[in-house]
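Peer 1: Predicted model follows, preceded by the sequence.
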Amino acid sequence: MAVSDALSCLSGLAFTINQLLYIHGNMTLLQKNITCHLNVIVIYSSYYTSTHTLTFLSIDRYFAIVRNYQVLKNGQRTRLVIFTTWFFGIIIAIPIILLTGVSEALPYVCDYINAEKFVAQIYMAALIIIEVILPGIIVVFCYNKTVSYMNRRIRTVQEICENKTNEKHTKDAIKMLFVVTIVFISFSCAFHISKLIITLTNKTMIDMYFQNLPNFYLYTDGIGLCLNIINPVIYCITSKSFRRALMAFLKSNKVQQRIVTSNMDNIFTHSAW
């Protein structure tokens, strides 16, 4: 998921740079459309990969805690899951190139210029079902069952003493994942509904610009891209374990830096002698 977040951020940056090149550069319409399609595919595929990853994590926690079955028993299964999430993320995102393109008039926006087609309406409606509603139902079901099981489980006093710390960390991690997933799916819902409105009303971003109307499409796009920045903040707020791990990582880096600096000073001192 960190890779998909990073790719989404880089694609958002590339998208902004390309928009400036469309206006001030000397690119042909074909070159503009190719870069537009590449940007959109990477953004959407990384977005859907994150959705699939968060959904799978909820399923994995449910089976591990409630069913006492480790889905990711070995590295081979883990690699298979990673490949599957990326594969379906890319496959689902590819048709977006049929909806998008660069407008022929200034300001040459990479926009949903073919969104009025009936196929586009079906595609966007299907995306809301596949990438918003179904993941939301699965996540809520799995985490609700997992937390309910942990709260009602009857254990002996010895088990409570031995597993108190582990259970606290587990609940902490589940809380963090649940909050991150709900925020992600909520933002994703707004993002996809705005795109469905585009296909139903045939009012693209450039149309809103020329008609001086509030361009809420840009706001929802911005919210969607901001998720890659918001996620680490949510990790820090909701998880004490994550905060401790982050602080330990930062402290270890400072210690390593001091050791390297001290070693370099010693080398220069001996060289001077």
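Peer 2: Cool, got the structure.
Peer 1: What is the burial count for Lys195?
Peer 2: 22 (other C-beta atoms under 10 Å). Placement of C-beta: from N, CA and C, glycine included.
Peer 1: moving C-terminal of the helix or strand hosting Thr16, what's the next helix or strand?
Peer 2: In the assignment (DSSP states H and E), Thr16 maps to helix 2-24. Going down the chain from helix 2-24, the next helix or strand is helix 29-65, by DSSP H and E.
Peer 1: Could you give me the buried positions within that following helix?
Peer 2: 32-33, 35-37, 39-58, 60-62, 65 (16 or more other C-beta atoms under 10 Å).
Peer 1: what helices or strands is the helix or strand just after it leaning on?
Peer 2: Proceeding N to C from helix 29-65, the next assigned helix or strand is helix 75-93, under DSSP H and E. In terms of contacts (3 or more C-beta pairs under 8 Å, 6 or more residues apart in numbering; DSSP states H and E), helix 75-93 is packed against helix 29-65.
Peer 1: list the helices and strands the helix it packs on packs on?
Peer 2: Packed against helix 29-65, as judged by 3+ C-beta pairs under 8 Å, 6+ apart, are the following elements: helix 2-24, helix 75-93, strand 101-102, strand 110-111, helix 134-152, helix 157-201, helix 216-238.
Peer 1: and the fourth one, which strands flank it?
Peer 2: As defined by DSSP bridges, the strand partners of strand 110-111 come to strand 101-102 (antiparallel).
Peer 1: Please work out which residues outside the strand it pairs with touch it.
Peer 2: Strand 101-102 is contacted from outside by Tyr22, Leu29, Lys32, Asn33, Cys36, His37, Tyr108, Val109, Cys110, Asp111, Ile113, Asn114, using C-beta atoms under 8 Å, 6 or more residues apart in numbering.
Peer 1: Repeat that for stretch 21-32.
Peer 2: Asn18, Thr35, Val102, Glu104, Leu106, Pro107, Tyr108, Val109, Cys110.
Peer 1: Buried ones among the residues you listed?
Peer 2: By 16+ other C-beta under 10 Å, the contacts of stretch 21-32 give Asn18, Thr35, Val102, Tyr108, Val109, Cys110 as buried.
Peer 1: can you tell me which two in those residues are farthest apart?
Peer 2: Thr35 and Val109 (12.7 Å; C-beta to C-beta).
Peer 1: mean confidence for the helix holding Thr16?
Peer 2: For helix 2-24, the mean per-residue pLDDT is 73.
Peer 1: Only alpha carbons, please: show stretch 56-70 as CSV.
Peer 2: Provided in CSV are the C-alpha atoms of stretch 56-70 (Å, rounded to 0.1, in the frame of the first residue of the first chain):
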residue,chain,number,x,y,z
PHE,A,56,-7.8,-7.9,2.1
LEU,A,57,-6.3,-6.8,5.4
SER,A,58,-9.7,-6.8,7.0
ILE,A,59,-10.4,-10.3,5.7
ASP,A,60,-6.9,-11.5,6.9
ARG,A,61,-7.5,-10.1,10.4
TYR,A,62,-10.9,-11.8,10.6
PHE,A,63,-9.6,-15.2,9.6
ALA,A,64,-6.5,-14.9,11.8
ILE,A,65,-8.4,-13.9,15.0
VAL,A,66,-11.9,-15.3,14.6
ARG,A,67,-11.2,-18.4,12.5
ASN,A,68,-7.7,-18.9,13.9
TYR,A,69,-6.4,-19.4,10.3
GLN,A,70,-3.4,-17.6,8.9
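Peer 1: Which residues does that stretch contact?
Peer 2: Identification of contacts with stretch 56-70 by C-beta under 8 Å, 6+ apart yields 71-72, 81, 85, 138-139, 142-143, 145-146, 149-150, 170, 174, 177-178, 181.
Peer 1: what is the rounded mean pLDDT of it?
Peer 2: Averaged over stretch 56-70, pLDDT sits at 83.
Peer 1: buried stuff in stretch 173-191?
Peer 2: Buried-residue list, stretch 173-191, by 16+ other C-beta under 10 Å: 173-174, 176-178, 180-182, 184-185, 187-189, 191.
Peer 1: Go through these and name the one nearest Gly89.
Peer 2: Gly89 lies nearest to Ser188 out of the buried residues of stretch 173-191, by C-beta to C-beta, at 12.8 Å.
Peer 1: so what's Thr55 up against?
Peer 2: Pro135, Ile138, Val139, Thr181.
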